[in-house]
Every structure is written in C-alpha cells, then in structure tokens.
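K.L.:
Need coordinates for the following:
(chains A, B, C and D)
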Amino acid sequence: MSEQGGANAELVRGSGVNQGHGVPAGREELADRLAARLGVEVKVSGSDLVVEVPRERWVEVARALRDDPAVDARFFSFLTAVDGKESMTLVAYLRSLSGKLSLAMRTSLPREAPEVASLCGVWPGANWHERETWDMFGIRFQGHPDHRRILLWEGYPGHPLRKDFVDPRPERERVGPGDRPVLLAPWSSTAAAGGPAPSPSSGAPCEAAGGNGSRPASQEEAVPGAGEEEPEILEVNMGPQHPSTHGVLRVAVRFDGEVVRSVDPVIGYLHRCFEKICEGWNYAQIVPFCDRNDYLGAITNEWAYCRAAEALLGIEVPERAEYLRVITAELQRICSHLLWFGTFSLDLGATTPFIYAFREREMLYDLFESLCGARLLYGYLRLGGVRNDVPPGWFEEVERYLRVQEEKLKEYYDLLIGNAIFLSRTRGIGAIPAEDAVAYGVSGPMLRACGVNWDLRRDEPYSVYPRFDFEVPLGEAGDLYDRCIVRMREIEESIRIVRQAIASIPEGDVVGKVPRALRPPAGAEAYGRVEGPRGEVGCYLVSDGSPKPWRLKWRAPCFSNLQPLDLMARGYKVADLVAIVGSTDIVLGEVDR
Amino acid sequence: MGIAESERLPGIITTSVKRVLNWSRKNSLWYLLFGLACCAIETPMAAGAARHDLDRFGMFFRASPRQADLMFVAGTVTEKMAPRVRALYDQMAEPRWVVAVGACACYGGPYRNGYNVVPGVDKIIPVDIYVPGCPPRPEAVLYGLLQLRAKVLQEGLPPDPRLLEMARAGKVV
Amino acid sequence: MAVLLDTWKAARSMVKGLGVTIREFFSPPVTVQYPDQRPRISPLFRGHPVLLSDETGKLKCTACMACARACPVDAISIESARGEDRKMYPRAWNLNMGRCLQCNLCVEACPFDALGMSTRFETAVDNPEGLIYDLETLAELGRTQPYSRVTVGQKLAGAEAAAPAAATGAGSREAGDSTDATRGGAAKEGEAR
Amino acid sequence: MSIVSSLNALVGSLPGFWSPLVSALIKVVLVLAFVFGNEIMLIWLERKVCGRFQRRKGPMYVGRPEGWLQSIPDVVKLLAKEDIIPARADRWLFVLAPMVIMVPAVALFVVIPFGQGWVPRDLNIGLLYLVALGSFTILSLFMAGWGSGNKWSTLGAMRAVAMLLGYEVPLALSLVGVAMVAGSLSLVDIVHAQERVWFVALQPLGFLVFLVAAAAELNRTPFDLAEAEQELVAGYQVEYSGMRWAMFFVAEYASLIAISAIAATCFFGGWLGPFASGPWWFLAKLYFFIFFFMWVRWTFPRIRIDHMMELGWKFLLPVALLNIVLTGIGLALWG
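P.N.:
Numbers count the residues shown, from 1 in each chain, chains lettered A, B, ... in the order given. Next up, the predicted model:
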C-alpha cells in the first residue's frame, strides 16, 4: 500500500512495550545485504523485515529467502492479500527460527484477474493459505496442486473479502421490535446457495456424521483420487458432525479395512466471516469480538489483536496491565490445555478424565468470572490495558487454585497418562518430522513436541515475559505422547509464571492514555502475535486512516496445525485417526474464522 | 409415534396415556450434541460435566441421532453447515425437540450480518427453546431445559398455566 | 523376562488408575444442584445491560445514543424524544438478546451512569419475540435485579465487588478518557456512515 | 429352600405331562423376573455409580431420593419412540438382530444356580452351554452391523467378529481349569466342589484370564470396540432407534449380570459363604462383580483393535494354556 514511510514511523513509535521487543541489532545491515544480493527493496518495519518483490520474481525470491543461510526463512507463518484501492497486495509472513527473524514478503497484483505463481513448491504450508486467498480474493495461483475453494464451496458467487463483494442474499434490516426471526422460512435458500443437499429422513445418521460416505455432491468435497475405484477401499466422511471431530471439521477418509489410506480435511463449516465483519467495526469494538475466534484462548486472541492495534495507534500499556495480561493469559493457557486433556481422553474412549478436567476448569471459570465477569469469552482486555483491576483477594484465590491444580496434575498422570492402554495408544503414533512441521508452519505445543525449540514468549519476547523464569518443554518424537506430555508440562510452567507474576506485580493504573479518536495513519500496518495455547496467534492489521480497519487478517495456529493431517494419519488405524485429530487440539472457530 | 396418536381409543384413555408418555419423555431427554462453536464448550460440555450435571434430569449423550430426543444446536450455523443440521434433524426419530443455545443459534448473534451465516437456526429447523447469551452459562441452559420440560409435559394436552409459572420461576416440573 | 516386566508395569498402571477413581468415588460430588440450589455467581457476571433509575424512580437515560453507537452488533436501538421539560428521554429502548455480545461496551460508553450489567442469566424463552427486551422490562429489571457497573480502568474496591448494585461506576481518570475515546471513535464512525 | 421344595411338590402333584410343563413355565417366569428386575435397578445403578466416579450426582428427579425410578421413563419413552428402518438397511437382518441378541442374554441364566437347589435346569454340560451361548451374542451384533447398511456400523460388525476370535478361546480355556478341578461341567457340582476352598484360590491364573476375557465379552470399555462412540459414532447400533435399540441396551446389561453370575459361580463359590450359605451370598458376589466391571469401565481408555487381538492371542491364550497344564500337574500330584 502507499505511504509506507508513515506506516513505519507509526510502527517504530508504536514499538516499545506494545511491540514487546525493540529493533534488534543488525537488522539494518541484514536488510541492506539482502537488498544487494536479491536486488529487491527491503525495509525494516518494527523488528521485522519487509521484502518488496516484483510479481514475476515471487517464487524465486521466496526460495532464495528460504535457502539463504543468513536468512534461513523455513517457517511459513501465513499468506494473505489486501484489496487496496487501486491494486491488490499479496503478503506472506515468513520466519527464521534460527535467526529469530520475521520477514514479510509483499508483491502487488492488479485487481482484475490477479495471478501469481504458487509457493507450494517452496513451503508445503502455503497450500491452504493460497486456497484461502483464492477463495476470499480471487487470486489465482499458477501451479497450485489442488486449486479449490477452502472455506466456502465451489460455485459460491464472488470472493467475499474483495471490497466490491456484495452479499448474494437480501440485506437485513436493523434490529427492532419489527425485526423477528421467521419460523421455518424456506430453508432451501441454503441449498440454492450451493450448499450440499441433505439426505432424506431415511438416510444414515452418519450422512452428517459421515457414515454413508456417499460420493460428495460438489467438487469441493470430493476426496482426492476418489476417481479410480478400488473395490476394497472404503470411503467415509468423518463429520462435519462426529463425536470426535471437536466441532464441525469434516475429514474425508479412505479406509483399507481399518487402515487409513488417505485423509482430506474439509473445513469451512464454521466460516463466520469474522474478517469481513471486522472491517465494518471500529478498533475498540473489535476487541471483545476476537474472543470468538479461538474460543478456548479468549485472552490470547484479544492480546494478539491489541498488540497489533496498539502498535498502529501508538498506545502505551502500563506495567500493571501487562502483568494482568500475562496472568490471565497463562491461566487461559492452563484452562485450554485442561480442555484438551479432557477431550483427548474422550477420543481415547475414557470419559472420566474429561469430567475431572472440567471439574478443575470450573474452578478456573470461577476465577475468571470474578475478574472478567464471564466464564468463557472474557472481553477483558481493552486497547491500552485491561478493563478493570483485580477484585480484593483475587490473587489469594488464584494461589489456592494453583495448589489444587498441582495436586490434580499428579492424578491425571496416575489415571490416564501413565496407563498402559494410553501408552499403547499414543507412543509412536501420528508423529510428524520436525522439518515438515516447520515448513507447514505448525506452531505451539505441536511444534515443540517435534523437538523444535521455539516459543514466542521467549524467542520474540513481548510484554513482560522476559522478566519471568520459565522453561519451554520439548518432546523428541513428535508423536501423540509427546504432544500430551508437552502440554501437561506447559501447565506446570504456566503455574510457575503466574506465581512469579503475582509475586512481582507493581501497583498502578490498568489502562494507559488512549487518544480520543482511534484513527491510525493511512497505510499503517502491523502484525501483532502472541503465543497462544495452540501456537502463534497473530493479527495482521492494515489501516486506511478511518476509525475502522481496512483489512484484518487473523493468523490462526490451528489452520496451519491441521494442514499436515494427511501426513500424520496416513497408514494408521481408525482409532488412531481420531486420536490424531484430537491431538492437534483444533478449534474450528479459529480454523474457519 | 404410535399409542399416543391412535384416536380409536376413547378420549379419557388417550389423555392418560399421553400424560404418562409426556411424563416419561420429559424425564429422559437424551440429547444429541451438536457442538458448532463457542457455546458447545459451555453446553453441553460443561453442563454435562460434574458441576452442573445434565444426568440429574435423566439426560445423557447419544452419538447417533436415531437414539436422541433432543438436539442442542450450540453455536453459529453457517450456510455451508445448514444442510447438515437439517439432515441430522431429519434423522432424529419422533418425537424430537430442539434447543437453540446461544445468540448465534437463536438469531445469528454478532455474526448475523455475515455473508455465510444463517441468522438463527429456526430458519432451517423448528426450535422449541431459545437460550440467548454469548455464550449462555450452563445454568441458563438448565433453566431453558426446565421450560422445555414444562412444554413437553403439556404436549397434546390442554395447556396448564400453573406448569409454565413453575418453570418460569425456575422450579423442576 | 521382558514380557513379565511389561506385564507387571501394565498391571501396576491399571491398578493405579483404579485407585484414583475409587478414591474419587468415596469423595463427595461437586455438583451444584441448580435449580434446587442457587449457583454461586460472581457479582461482576455480565448477564445483559439494564436501564438504571435514580432515587425518584426516573430513568437516568437521556437517549444520547452513546451505547447504541458503542455496541458492535447493533443490539441496542433507541428512539429518543424531547419531554415537556425540554430534556431528551428514550421513548423506546430495545435490547435484542439475540445479538448481544455481553461485552460491557455499552456500560463503559454511558456518560450518565444510566446503564448497568445485570447478573440475570435466566433468559431462556420459547418464542423469539421474548428475545427482545423493551424499555419497561429493562427499567423494571434495573430496579429489581442486582447489577454491576464496571468502567474501563476501574479499581474494584471491596464494597463494589461485594455489592455491585451499590457500585457508582465512577471510574478513575483513565476511565473517563478511554470511555470518551470509545465514544469519539464511535462518533467519527457515525459521521462515516 | 422350603418354598422351592413345596413348590416342586405342588407341581409334581399335577397330573401327567402337565407337571414338567407348569414347572418349566414357572421357572421361565422366575428367571425373566429376576433378569428384568435386576436390569431396571442396574441401569439406574450404573448411572449413579458412574456419577459417583465422576463426582457427579447422576439421576436425581424421578423417584426421590436419588432418582431410583429413572429407568422407567426411559423404557416407556423408548417404547413410544418412532421406529425407523433405514432405506439402505437389509430389512430382515435389521429386524431380527435385536431379537437374536436377547436369546443368549436370557438363556444364559438357565444353568445358573442361584442357591442350593435353586437352579432352573441343572445341565450336566452347563459350562459348555454357557460358552456356546456366550459367543452367540456376536452373531446378532454382526447381523445388526451388517444389516444397517451403514459404513460405521459395518466397521463395528467387523470389529465384533474379530474380537470374538480374540477372546472367546481364552475365555473357554480359562473355564477348562475349573472343570478339571471340579471334575464336572455342571455348575451345581462346580459350586459343591468349592465347599472347602473357592476356586479363585486354586485357579488364580484362570481367574485373571477369565476376568479380562469376560470384560471383552461384555463389549464395555476398555473393550467396547464394536460401538466405540468416538470412533464409529455408535458402531453396530448406529441406525437403531426406540425399542429395537433398547433391546441391545437391555441385552448388554443382561449379559453383564450373566457374566458376573458365572464369575461368582465358577470362582467364588456361588451361593456358598463362610456362614449362612444361601442365595443372598450369590447376589452379594454377583453385585460385587457388577460393580467391578462398572469400575473398570469408568476408569480406562479404549484399547485398539489390533492390541486387543495381540492381548487375546499372544497373552491370554498362552496363560490360559499354562493354567491348564499347571492344573493338570496339580491334580496329578495332589488330586
């Protein structure tokens, strides 16, 4: 977009507490060297490099960035586009885990019939992101192996995130006593909109649970390679409504007996148009709305958005607020991992650990409720701080809870994790090689379970995390067992962090000075990210100078974590597939947004 | 639905049969968890767990719609998902009830204006009880279930305002 | 021998598990028997906004639209009118529970302390009309139901946290600023519309 | 006891061929009453026990206190529920399966001695009869799974059959030891043979094998592979609704009672007790085992099908054989 200078000025001004980490040394030199070697324009924005690439050199530069030992950008974070006023901007965020360096690769495309070469050859993780970009913006990617829509269905009219998109359905009037839901309006409208047709009442219940695995109606749902008929192959759709898909994920599986031949996750059943809706809201209003993306990591969602928005608006956050953000975020992490533990044990067929996990969650719920006023979606953060200070005696309550939790963790080990059946179900199952995980942009516990030592809290330090002493638990094999252990140990680490934060929290205000008009400069952009319970939660904001964001892109860890499912599940049993899907700890609200 | 509907029986018998049937139906509403989004974590997950225990009302989870009497639609229904919701509803055996949990399922909630969002699940299937909230806490859903029990208890019978009053007041009918 | 060892290990892990469950079996349930028992609900719980009245029972709301503008989801719709005392008052004030995020932004935006967050959660209804609360309902709920009034940057003193119905909601200086900020941003947005 | 004898006398006094007929009828009625009476309690009990294991309350509102009448509305509701036969289903198999599964579930009780002389029919091949009928259950599971014409249920059916092979053999072999020690296949003789010491002391290995294999026979966690909810939605019973499904449910609990009864009879001396032997002892042991199986169910995760196979063939089978050998040696030395 235009006015980059202004944007960068904003970002630098916005850095500090918000940006979390000042500009590390040597960025400028690196930028110059890259510019010289690749012959492209390289800027430093905050702590990140922005590489401006001409469209025809898109893949070449990408490969160079990946293979250049000085950059070593092997981690593919996300790819998206911005529908500018006169042109489209394609943005790919890369990261070098060894160099602790984040780069944005940008190129600009025409708004009419934009096309660019696909990055799938460089990073396999680009696959879904490019499909999403095609789905949302209508940008074609030459040489893409599987060029289908991903969130919406084939034949959907238009590409929603383009500014000239109009909802094909009639406009709805504002709220008021006159505006009432119509009971049983002709439901076929959805079918007309291209949704797959329902089965008759006599159909198998798992039509929706995937049972009869009927050849899917639209091409978007077809299992790849379903064409050639092999008699002994059983095609089954797990989900979108299946007890163990953790929401409305659909997995088109091809079984050979009990053995999984191929897996094709079909997502988008919970695509709630988050990004489009946000373009219509002002910066303050979006904060509580972010909770709904990853509804198990509400605080971290808000935090990711607030970091981006605060960077744009140059808002400082007082110390006490940062501490409160850390405390709530870590409690949130515990809460989320507990739920994962419960659902994972459900996937393995054990109900009781699930109930126990929720028993502890209820204690956490009480804590959150007495602080934030809600049980699940807290809406606690505000631009420039948090909404309110802690009620009296809250920290003592937290400490009481933490003690109980430590006791119960032992119980979990005795009950499930040490259990012989559990071990036989998880050891050596669903492993994914470290380099694949990185190339796919897998992040969070799943990445660390592969032994990749990467944690934003430590490696791109933000907020007040550098002041706390905590470990980053790692696994070796990256199988289900390691993922479980890593998450369990992360709970312990979070407990440590919360204790330290409570011990050292300073007095003071909990919101900083917030300007009256929340209007970032035109063209400013920022990518705020935090380490959520599932990995790198990021929010990429672009402003056009109005009180509403011009573009909001949500970087969802689950989206990338789910992508290599086929890699993980191929060759295992049905039961393992269920466990593997569970182990990715997906939240569909975040995958589909 | 068999016995209750056969009109050959004299009125008094059918009424008493209906009473018995309604009584047993309201006491064993086995539910089909239709966890779509955020609300699914609160209901029926948290609601089924130890603190607020749906089993107290004789409700437990069935994975197959064939064996379920009650469908919780918890979360946002999208255009892409709508046919599946409808399909599952069709696959449930009569008699069946639907509880719309959360603002999204009731009315579209914050996503109402989204291009891919069905503004309220009652656009595609009949809904018996609406539980607003974003998300509603489990007690709110239990309260909704009290209303539903009162409703089930009167099905096919002359309405009984006393029951509704009890349910509104949050008493177990 | 290895087989025996593994068998022994497996058996021990099984027994351990059984031990855990039996221990839980003999400890009391944690169930809160709503509706027979009232659940423990934090006084800060955000049920839905209610309209507050002053001592004379007159609504504090002046139909300034701040809440309606701050509401992200247009859950609030207000019809303002001018009374014979030349003061603005809401002729209609509708809250659509089918959209409400329970995000508290409206309460924070209100410059007249005219809104509170009620802890009421028993909102289930059997017809969609019941999802929309009108002026009278909200005013009545505001008089009868406990509510909290948390503004941005508020320090929760013991009394407020314990009995939020008494909370004045007079936030600290930052509170003033940032609520203004919200409103300012919203105002600009209003112009943009 | 006196009741029984007097009853026998009364029936015996009937003319000609009536007496066996009437006595048979009476026995059938008694057995059915016993089975279904316990069913109703059991289903409620399971929910309460499960609730306690999970720190919950379980059913509370039907029949205060503790909702002990919960099963009645469930049954009535299921009776009145719409009965769906999927278009894709193989009608005959689909309809027959639930009836077929009821047969072994109830017929198992024919040879169970409830007390001294309280046995419906003391077959001299009782043990054989039990094993034979037990494996019969699988047939109906397969019919159900296959007949439903649903891919999940078909998978469930396959698993059921695979499991049958896996655990039925060790189960039978584990009982061989008992027969050897008792020197008879009649359950009554087996109980009498335990007057000095219960067989659990003489057959520890056999008992362990039996316990595991029996748990598998029950199709309950950790062996509920055939209906694994998270994997196969509901496995073989996906398509069943209303009464047909209820029959599977009932059969599951009937076999739970039966298996526990067998365990109590073959290893824990049936109605024998340290004092005041009688049916009450049998019942006590019966419910102890029922509780044990519930305990296991609500503790463990589900085992994987191939691990299940390995367990059956590579572990249970050798141990069972070893047990037989040891028993033989023991008998040769001290028998």
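K.L.:
how far away is the closest residue in space to A:Lys100 that isn't next to it in sequence from C:Asp54?
P.N.:
Excluding its sequence neighbours, the residue lying closest to A:Lys100 (Cβ to Cβ, 6 or more residues apart in numbering or on different chains) is A:Asp459, at 5.3 Å. The way it works is simple: take the backbone N, C-alpha and C, and place the C-beta from them, glycine included. Per Cβ to Cβ, to the nearest Å, A:Asp459 is found 55 Å from C:Asp54.
K.L.:
go on, B:Val118?
P.N.:
43 Å.
K.L.:
Pick out whichever of these two has more residues nearby.
P.N.:
Per other Cβ atoms under 10 Å in any protein chain shown, whichever of B:Val118 and C:Asp54 has more neighbours is B:Val118, with 29 against 10.
K.L.:
Show me the shaky parts of chain B.
P.N.:
B:1-10 (pLDDT under 70).
K.L.:
if you set the cut-off to 80 instead, what comes out?
P.N.:
Applying pLDDT under 80 to chain B flags the ranges B:1-13, B:33-35, B:44, B:63-64, B:156, B:170-173.
K.L.:
need the helices for it, in chain order.
P.N.:
Counting by DSSP state H, chain B has these helices, from start to end: B:11-27, B:38-40, B:47-48, B:82-91, B:103-107, B:138-153, B:161-168.
K.L.:
just chain C next, same as before
P.N.:
For chain C, applying DSSP H gives helices covering C:2-25, C:66-70, C:105-109, C:135-144, C:158-162, C:173-192.
K.L.:
ok, A:Asp291 touching A:Tyr378?
P.N.:
Yes: with contact defined as Cβ atoms under 8 Å, A:Asp291 reaches A:Tyr378; the gap is 6.6 Å.
K.L.:
With neighbour numbers in mind, choose between those two.
P.N.:
More neighbours surround A:Asp291 than the other of A:Asp291 and A:Tyr378, with 27 against 24 (other Cβ under 10 Å).
K.L.:
mind listing what residue 279 touches?
P.N.:
This is for chain A. A:548-552 (Cβ atoms under 8 Å, 6 or more residues apart in numbering or on different chains).
K.L.:
actually chain D
P.N.:
D:114-115, D:118, D:271.
K.L.:
Would you mind measuring from it to D:Ala107?
P.N.:
In terms of Cβ to Cβ, D:Pro279 sits 20 Å off from D:Ala107.
K.L.:
just the helices in chain D please.
P.N.:
D:2-12, D:18-53, D:71-79, D:91-107, D:126-147, D:151-182, D:187-192, D:199-202, D:204-217, D:229-232, D:242-267, D:279-297, D:305-310, D:317-334.
K.L.:
Just name the most buried of these.
P.N.:
Stretch with highest mean neighbour count among these: helix D:229-232 (a mean of 27; mean count of other Cβ atoms under 10 Å in any protein chain shown).
K.L.:
quick one: average pLDDT of it?
P.N.:
Mean per-residue pLDDT for helix D:229-232: 68.
K.L.:
which residues of the stretch 1-150 of chain D score low on pLDDT?
P.N.:
Low-confidence segments of the stretch 1-150 of chain D, defined by pLDDT under 80: D:1-20, D:23, D:63-66, D:83-89, D:115-123, D:134-136, D:149-150.
K.L.:
What parts of it come near chain B?
P.N.:
Residues of the stretch 1-150 of chain D lying close to chain B (Cβ under 8 Å from any Cβ of the partner chain) are D:47, D:51, D:54-62, D:67, D:70, D:72-77, D:79-84.
K.L.:
Quick check: which of those residues are also close to chain A?
P.N.:
On the criterion Cβ under 8 Å from any Cβ, D:54-56, D:84 are the entries of these that sit beside chain A.
K.L.:
Out of these, which is nearest to A:Gly125?
P.N.:
Ranked by distance to A:Gly125 (Cβ to Cβ), those are led by D:Gln54 at 40.2 Å.
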